[in-house]
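[1] Quick one, fold the following:
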Amino acid sequence: MKKIIQRSLFLLLISLFFASLWAEEIQLTAVQILGKADDVINAPQDQDLKIKLILIDKKGKEKVREMSMLQKGSDKRLVKFLSPADQKGIAFLSLPDDVMYLYMPAFKKIRRIASHVKNTKFAGTDFTYEDMEAVRYSDKYIPEFIEKKDNHFLLQLTPKEGIKTDYAKLIMWVREDNFYITKIEHYNRGDKLFKIMIRDKIEKIGEYWLARESEMQDLKSKHTTKMIIEEVKLDSEVSDDKFTKRNLEK
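    Next up is the predicted model:
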């Protein structure tokens, strides 16, 4: 009987010890969780995507556009509209250190996007220039662990000091099994939820995870933009020359 009691006490102590370690790990690894999520989203050396855009207004009316997206690493991205005719040629370039450019073929002019207008919607979509830039969340935000829910880590992200953004905070859902980001709630400076981004149809292509569909919902205007990836090329040795102002006009 005495041995049974001793064994039970020993097992209880072991359980409490590991429970304590787990609780401490959750508090200490919010930064690590976000870092892993950044690594998963930006895992390919480069990405060459063809995307269908569907813009849906509050009455359910749809507009369809097509665009290409090139990305290298986690800090270079080039987006170009392919159709319709009145949008074709519009191009957006995101470079390191918060540098972004927009090319409008109607004016045949490249302009740099200033920090104070990054919250402007990109070409009529529900994605702002800030949403479209290539950047690691870890570079801009400080994460805090909220809870584990539905096989996800929930993180609250607040901007680091000196970061210019219209988002007072983000609430991010990160899958527990592969650290893929599936949902982000965007809160304005009044701490009000006003946009939700959802990634769906997540699949593994080779050694990389990719969401075939993403959508951004604007809760105020009741407008939604869906991105559907139709063609994918990964690690195709995209040249740095693609990510230049000169290439915006091509």
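[2] Any stretches of the chain with poor pLDDT?
    1-28 (pLDDT under 70).
[3] That one: strands as residue ranges?
    46-56, 62-72, 76-83, 91-95, 99-104, 109-112, 141-149, 152-159, 169-175, 181-187, 193-205, 208-218, 223-234 (DSSP state E).
[4] Tell me which of these sits most buried.
    The highest mean neighbour count among the strands of the chain, using mean count of other C-beta atoms under 10 Å, belongs to strand 91-95: a mean of 22. Using the backbone N, CA and C atoms, a C-beta is placed for each residue, glycine as well.
[5] tell me how far that one is from the chain's mean position?
    The gap between where strand 91-95 is centred and where its chain is centred comes out at 16 Å by C-alpha atoms, centre = their mean, to the nearest Å.
[6] Packing partners of it?
    strand 76-83, strand 99-104, helix 129-132, helix 245-248 (3 or more C-beta pairs under 8 Å, 6 or more residues apart in numbering; DSSP states H and E).
[7] Just send these back as a markdown table, with distance to Lys36 too.
    What follows is those, written out as a markdown table (distance: least, C-beta to C-beta, whole Å):
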| stretch | distance to Lys36 |
| --- | --- |
| strand 76-83 | 21 |
| strand 99-104 | 26 |
| helix 129-132 | 21 |
| helix 245-248 | 32 |
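[8] Show me the one of the ones you listed that comes nearest Asp166.
    helix 129-132 (7.4 Å; C-beta to C-beta).
[9] Give me the contact list for the closest one.
    77, 79, 92, 94, 100, 102, 113, 117-120, 122, 165-167, 197, 216 (C-beta atoms under 8 Å, 6 or more residues apart in numbering).
[10] re earlier: of the helices and strands packed on strand 91-95, which approaches Tyr187 most closely?
    helix 129-132 (13.9 Å).
[11] Could you check how far the closest one is from the centre of its chain?
    With C-alpha atoms, centre = their mean as the basis, helix 129-132 stands 9 Å off its chain's centre.
[12] Likewise for stretch 119-132?
    With C-alpha atoms, centre = their mean as the basis, stretch 119-132 stands 13 Å off its chain's centre.
[13] and it, how far apart are its ends?
    Stretch 119-132 has its terminal residues 10 Å apart, counting by C-alpha to C-alpha, to the nearest Å.
[14] Quick one: closest of the helices and strands packed on strand 91-95 to Ser236.
    strand 76-83 (13.9 Å).
[15] re the thing from before, nearest to Ile181 among the helices and strands packed on strand 91-95 would be which one?
    helix 129-132 (13.0 Å).
[16] buried stuff in that closest one?
    When burial is assessed from 16 or more other C-beta atoms under 10 Å, helix 129-132 yields the following buried residues: 129-132.
[17] how about the strands of the chain in TSV, adding distance to Thr244?
    Output for those, formatted as TSV (distance: least, C-beta to C-beta, whole Å):
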stretch	distance to Thr244
strand 46-56	15
strand 62-72	12
strand 76-83	9
strand 91-95	8
strand 99-104	10
strand 109-112	11
strand 141-149	29
strand 152-159	29
strand 169-175	31
strand 181-187	29
strand 193-205	28
strand 208-218	26
strand 223-234	20
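[18] one step back: with distance to Glu176 added, can I get the buried residues of helix 129-132 in JSON lines?
    Formatted as JSON lines, the buried residues of helix 129-132 follow (distance: C-beta to C-beta, whole Å):
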{"residue": "Tyr129", "distance to Glu176": "32"}
{"residue": "Glu130", "distance to Glu176": "27"}
{"residue": "Asp131", "distance to Glu176": "25"}
{"residue": "Met132", "distance to Glu176": "28"}
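[19] related to what we said a few turns ago, with Phe243 as the reference, name the closest of the strands of the chain.
    Nearest to Phe243, of those and by C-beta to C-beta, is strand 76-83 at 4.4 Å.
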